[in-house]
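**Q** Here is a sequence together with a model predicted from it:
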Amino acid sequence: MAGGIAVICGHDTPRQDNIMGYRPCVGMVSGRIFFRGPHQGFSEEDAKLASLDNDEWKWLKDNMAMFLRTTGRTELYAVLTADLAAW
């Protein structure tokens with residue numbers, strides 16, 4: 001992936017202890033991954049972990065609403081946007 005944005009919602013997944021899976025970010029050049037839930041690490045030479053600022057949180061909530069409308073899952077909006085600290 002060159003640039004771009006990935007969003008991992010971490011809802012109703014069998015990977016409760018490692019939402020990102022094995023070797024996340026491999027092959028990604030630039031870009032961002034927003035994820036919700038626990039992870040078991042990543043290549044710190046290739047990526048860095050950062051907290052969301054207010055603008056990023058607003059972007060995520062706005063686009064989450066659009067995505068959930070498009071996929072017919074609007075009932076998940078309150079769950080996925082309830083806690084900034086979960087992301």
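**A** All right, it came through fine.
**Q** CA atoms for contacts and neighbours, from now on please.
**A** Fine.
**Q** what does the helix or strand bottoming out on mean pLDDT in the chain rub up against?
**A** For the chain, using mean pLDDT, DSSP states H and E, the weakest element among its helices and strands is strand 5-8, scoring a mean of 87. Residues outside strand 5-8 that contact it (CA atoms under 8 Å, 6 or more residues apart in numbering): 19-20, 31-36.
**Q** After that strand, which helix or strand is next? Please name it.
**A** strand 32-35 (DSSP states H and E).
**Q** mean confidence score for that next one?
**A** The average pLDDT for strand 32-35 rounds to 89.
**Q** Pass me the low-pLDDT residue ranges in the protein, would you?
**A** 1 (pLDDT under 70).
**Q** tell me, what residue is most central in the protein?
**A** Closest residue to the average C-alpha location of the chain: residue 35 at 2.3 Å, with CA atoms, centre = their mean.
**Q** Give me the spatial nearest neighbour of that residue, chain neighbours excluded.
**A** residue 8 (4.5 Å; CA to CA, 6 or more residues apart in numbering).
**Q** Tell me the bridge partners for residue 2.
**A** Following DSSP bridges, residue 2 is listed with bridge partners residue 29.
**Q** Return the residues in contact with it.
**A** 28-31.
**Q** Out of those residues, which end up buried?
**A** Among the contacts of residue 2, not one is classed as buried by 16 or more other CA atoms under 10 Å.
**Q** With distance to residue 63 added, can I get those residues in CSV?
**A** Formatted as CSV, the contacts of residue 2 follow (distance: CA to CA, whole Å):
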residue, distance to residue 63
28, 21
29, 22
30, 20
31, 16
